[in-house]
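Participant: Give me the fold of what follows.
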Amino acid sequence: MPRTWRAAAGLVASLVLLGAAVVATTAYLSADRSYSADHPRAGGIELTAGHLVAPDGDWVRRSTRTRLVVWLHNESGYDHVLTSVTSPYASGVAVSGTALPVRLPSQRWLSFGATGRGLALHGLNRPVHPGDLVPVTFHFADVTLSARLPVVGVDSASPAPVAPAS
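Facilitator: Below is the predicted model:
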C-alpha cells in the first residue's frame, strides 16, 4: 500500500504543478501588457500596441486633451502613408515631432508617444475614464485602420511599448 500511496501522491503533486504552470502560462499570454483592446489589421498594417493616457490618473474632462501611445507595424510588401488620425470622441488630433503625412515603410514600425513623435486627442466631447475604450481611426492613403484604444491612468501607462523583433 505505501508504494501505491507514494505513486498517487506523486501523481497528485505532478498534476498540481502542471495546473499551476497552465494557470501561469494562461495569465501571461492573456495579460494585456501593451494595453491594446484589440490588435486590428488592415492592408498589411497592424496596430500592435496602443492606449490613451488619462493625465490625472482618474479621468479626462471634456474639452481637454489626452496623449495617445501607439505602435503600428507594416507587415505588407509595400509602403503606406499615414495621412490623418480621427476619433468621434474628439474635435481633432494634434501631431507633434513630425508632420502628416508620415511614410510607414514596408516591414517597419511607426510609433507615437514612445519616441519624439506624438499624438493627442483634443477637444474631447465627453469625459473618458481609465478602462473606457475610445475609437480611433488611422487613415492611410490606401487603407483605413480602426481601433478601440483603452484609457489608462498615468501611473499605468507604458512609456515605451517594446516592438517585437521583425
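Participant: Work out for me the element the spatially closest residue to His139 that is not a sequence neighbour sits within.
Facilitator: Distances taken as C-beta to C-beta, 6 or more residues apart in numbering put Ser84 closest to His139, at 4.5 Å, once the chain neighbours are dropped. Where you see a C-beta, it was placed from the backbone N, CA and C, and this is true even at glycine. For Ser84, the element it lies in under DSSP states H and E is strand 80-86.
Participant: And the next helix or strand past the lowest-mean-pLDDT helix or strand in the chain?
Facilitator: For the chain, using mean pLDDT, DSSP states H and E, the weakest element among its helices and strands is helix 2-30, scoring a mean of 49. Moving toward the C-terminus from helix 2-30, the next helix or strand (DSSP H and E) is strand 41-42.
Participant: Each with direction, which strands does the strand holding Ser84 pair with?
Facilitator: Next to strand 80-86 in the sheet, as set by DSSP bridges, lie strand 102-104 (antiparallel), strand 133-140 (antiparallel).
Participant: List the buried residues in that strand.
Facilitator: Buried residues in strand 80-86, counted by 16 or more other C-beta atoms under 10 Å: His80, Leu82, Val85, Thr86.
Participant: outside of it, which residues touch it?
Facilitator: 43-45, 68, 72, 74, 92-93, 95, 100-104, 110, 119, 136-143 (C-beta atoms under 8 Å, 6 or more residues apart in numbering).
Participant: Return a ChimeraX selection command for the buried portion of the residues you listed.
Facilitator: Here is the ChimeraX command that picks out the buried ones among the contacts of strand 80-86, judged by 16+ other C-beta under 10 Å:
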select :44,45,68,72,74,93,95,102,104,110,119,136,138,139,140
